[in-house]
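> sequence unknown, structure follows:
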């Protein structure tokens, strides 16, 4: 059998931008950036249909088995967890070293409902990484030696400017899906319009097609906010910094989350952040230091936080400055080296399953 190239890795996840041209997952960035450190990278799958994607992933594992030294698998909850289980099972049969990365803020809840499956999967890997202390700590009972590597951002792609006097120019940046609760953003603007007649909100993010976009449009019309809220839709990743430049405040209305890259990108841009305190977000932001945290589904609390940023002298600027300090730790120049070290260590030293069943 032909030996795979030194420093070669197969990434198994949803390669979304292949089809949409829009947002890129962290895994896609790794596929493009690791070759600069001598890695040959491969990836699957860009199939949008879940069943076809799963089949494509498994076929790719087999078809390219002589070409990669180590495999990396993203782990999501729900039906996507099955894809990770099948992928790792086939990789183990092939004798391939495996790195897992925990993705998705719902994994802690999923693990409580399926503890044996989660334990079995995590301990079948040679190493497990998490993008936040939140996910690592939540799943520590299933495997204790997980490592934390933050989501990376290209700091030079974002135009940092200090928001010394934040204006009521607000950005919402997520997918149009119920878990991100975009209708809360409409409620917030409805409350703030009374105080700031010139307020404006840009809602940037692709429609997931499950009815949320229609609900948002209905809420805008009911509140007569058509002159104050623009629904932009999905945009290419390269255009995100320009939309961030337009605003002074970012509101994140999600009900479930891990450590969203959009928040780190906003920090790199100097935006003042107001976000719900769900999932791993409290581990990312320190309330009153580099962002403001509010309870989920609380329009009044989120509106009050925005008022504080706009009207309290020096407060918005202090948060903007501290947020940028944190973002510097997540620059790809730092994060990529951590991935290089981890993958190289596993590729050279793994012997087929690093965890112990507990």
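Right, received. Where do you want to start? Quick caveat: nothing in here was measured; it's all calculated off a predicted structure.
> residue ranges with poor pLDDT in the stretch 1-150 of the chain?
1-5, 17-23 (pLDDT under 70).
> for this structure, longest helix please?
For the chain, the helix with the greatest residue count under DSSP state H is helix 332-349.
> Could you pull out the buried residues of that one?
Within helix 332-349, the residues scored as buried using 16 or more other CB atoms under 10 Å are 332, 335, 336, 339, 340, 342, 343, 344, 346, 347. Bear in mind the C-beta positions are built from the backbone N, C-alpha and C, glycine included.
> Any chance of the backbone angles for residue 288?
phi 80, psi 0 (degrees, to the nearest 10).
> Ramachandran angles for the closest residue to it other than its chain neighbours?
Distances taken as CB to CB, 6 or more residues apart in numbering put residue 319 closest to residue 288, at 7.9 Å, once the chain neighbours are dropped. Main-chain dihedrals, residue 319, degrees, to the nearest 10: phi -70, psi -40.
> ok, residue 319 - contacts?
272, 273, 288, 289, 290, 291, 292, 309 (CB atoms under 8 Å, 6 or more residues apart in numbering).
> Go ahead and report the secondary structure state at the second one.
Using DSSP: H, G, I helix; E, B strand; the rest coil as the criterion, the local structure at residue 273 reads strand.
> Now do it against residue 228, distance only.
Going from residue 273 to residue 228 by CB to CB, to the nearest Å gives 21 Å.
> got it, and the fifth one?
As defined by CB to CB, residue 290 lies at a distance of 27 Å from residue 228.
> Give me the nearest residue to the spatially most central residue of the chain, chain neighbours excluded.
The residue lying closest to the centre of the chain (CA atoms, centre = their mean) is residue 260, at 3.7 Å. Excluding its sequence neighbours, the residue lying closest to residue 260 (CB to CB, 6+ apart) is residue 252, at 7.0 Å.
> and what of residue 71?
In space, residue 71 is closest to residue 10, 4.7 Å off (CB to CB, 6+ apart).
> Report the inter-axis angle for the host helix or strand of the one you found versus helix 332-349.
Element membership for residue 10 (DSSP states H and E) is strand 8-12. Counting by axes from the mean of the first three to the mean of the last three CA atoms, to 10 degrees, strand 8-12 lies at 110 degrees to helix 332-349.
> Please name every helix or strand in contact with strand 8-12.
Secondary-structure packing of strand 8-12 (3 or more CB pairs under 8 Å, 6 or more residues apart in numbering; DSSP states H and E): helix 26-33, strand 40-44, helix 50-63, strand 70-75.
> quick one: strands adjacent to it?
Taking DSSP bridges as the criterion, strand 8-12 forms sheet pairs with strand 40-44 (parallel), strand 70-75 (parallel).
> Turn those strands into CSV, including distance to residue 110.
What follows is the strands paired with strand 8-12, written out as CSV (distance: least, CB to CB, whole Å):
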stretch, distance to residue 110
strand 40-44, 23
strand 70-75, 10
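> Deepest-packed of these, please.
strand 70-75 (a mean of 26; mean count of other CB atoms under 10 Å).
> Could you report the neighbour count for the residue nearest to residue 260?
28 (other CB atoms under 10 Å).
> need the contact list for it.
Contacts of residue 252 by CB under 8 Å, 6+ apart are 172, 173, 174, 260, 262, 263, 273, 274, 275, 276, 281.
> Relative to residue 192, which of those residues is nearest.
Ranked by distance to residue 192 (CB to CB), those are led by residue 274 at 11.2 Å.
> count of residues packed around that closest one?
The tally of other residues near residue 274 (other CB under 10 Å) stands at 26.
> what's the distance between it and residue 261?
Distance of residue 274 to residue 261, computed by CB to CB: 18 Å.
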